[in-house]
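Colleague: Sequence below, structure please.
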Amino acid sequence: MTKQPSLFDENGVRIPYNDLNNQANTPNWDFRFVVPQFFGKSRFAQALSQFKRHLPAGSELPQLNDFYFRFMAIIETVSGREDVCNILNGPCLPLVFAAGAIKIDLGTYLENTVLAGVRSAYEGQFAGRPFNIARQVKHQVNYVPEINFRLFLEAMDAGPVVAAYFPDALRSWSILDARRQMETLPQGLRFVLPDVIIHGHAIIGYPDVMARDHRVPGNDCASNTLQSPAYSLYFEARDDCLVLGRIDDLAYTFCDFSSGLLLIG
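Modeller: Numbering: from 1, shown residues only. Here you go, the predicted structure:
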């Protein structure tokens, strides 16, 4: 049996390949996510409690056992594959997403649900530190057509989603190259390039990990466009606030930012 080459390095970051527009920079490891080494059921319960507290009332979320065992099944699948198992060397967070289709303007949905939850979770965790939305999102946010984000939206429409979130998996990749590399990932695994919904849920569930201070890497929302295809969005934690802003140069590589990857179970 032919050995499959690894797509991720010893830090869980996607290995650059020759067909890129811009070679990824070397990550600045002074910026890092501090994730608990041990993820027992109590940590899953804590995260689930965060989602229930900060998402809209009545959101259809999985039960604790379902959350735990579906996530562990994802990890088991990944750990058994030579091509992607190294992604587990990087930070990994269990996420859940409520069931339901998005039937209104995407920006309006984000503002009323996800970003409201981010504000509640972040400002609840860090008293006196505001969440600032630097750009108008209503009627301004969309998805990049060539990215198969429909996979994620259809999963949400079918029922509560459990997924593994790898925030560092595309550290120092430009947004354009983060989008292009999606077509080279294994077809049998449901990888998704994160957007505002996904990064926002990570902040809601784990504000202490995702938005601690300025030493936490920023999150490129690479699946999204803002206002036009020339722009996208990012989350950035600072010492005194959390910002959702606009990225103007989609080809630039930031050594302390990452689009990350989500793997749906």
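Colleague: quick one: residue 15 and residue 9, what's the gap?
Modeller: 5 Å (C-beta to C-beta, to the nearest Å). For the C-beta atoms, the positions are set from N, CA and C on the backbone; glycine is no exception.
Colleague: Looking at these two, which one has more neighbours?
Modeller: A side-by-side neighbour count of residue 15 and residue 9, using other C-beta atoms under 10 Å, places residue 9 first with 15 against 12.
Colleague: can you pull out the strands in this protein?
Modeller: Secondary structure of the chain (DSSP state E): strands at 93-97, 131-133, 141-143, 161-166, 190-192, 218-221, 224-226, 232-237, 242-247, 257-258, 261-264.
Colleague: Ok, which of those strands comes nearest residue 79?
Modeller: strand 161-166 (11.1 Å; C-beta to C-beta).
Colleague: tilt between that closest one and strand 93-97?
Modeller: Orientation of strand 161-166 against strand 93-97 (axes from the mean of the first three to the mean of the last three C-alpha atoms, to 10 degrees) gives an angle of 150 degrees.
Colleague: Output strand 161-166 as PDB, restricted to C-alpha atoms.
Modeller: Provided in PDB are the C-alpha atoms of strand 161-166 (Å, rounded to 0.1, in the frame of the first residue of the first chain):
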ATOM      1  CA  VAL A 161     -23.700  20.000  13.600                       C
ATOM      2  CA  VAL A 162     -20.700  18.700  15.600                       C
ATOM      3  CA  ALA A 163     -17.300  19.600  14.200                       C
ATOM      4  CA  ALA A 164     -13.600  19.800  15.000                       C
ATOM      5  CA  TYR A 165     -12.100  23.300  14.600                       C
ATOM      6  CA  PHE A 166      -8.400  23.700  13.800                       C
END
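Colleague: any residues touching that strand, and which ones?
Modeller: Residues from elsewhere that reach strand 161-166 (C-beta atoms under 8 Å, 6 or more residues apart in numbering): 12, 62, 66-67, 70-71, 74-75, 78, 87, 90-97, 99, 152, 155, 192, 194, 198, 202, 260-265.
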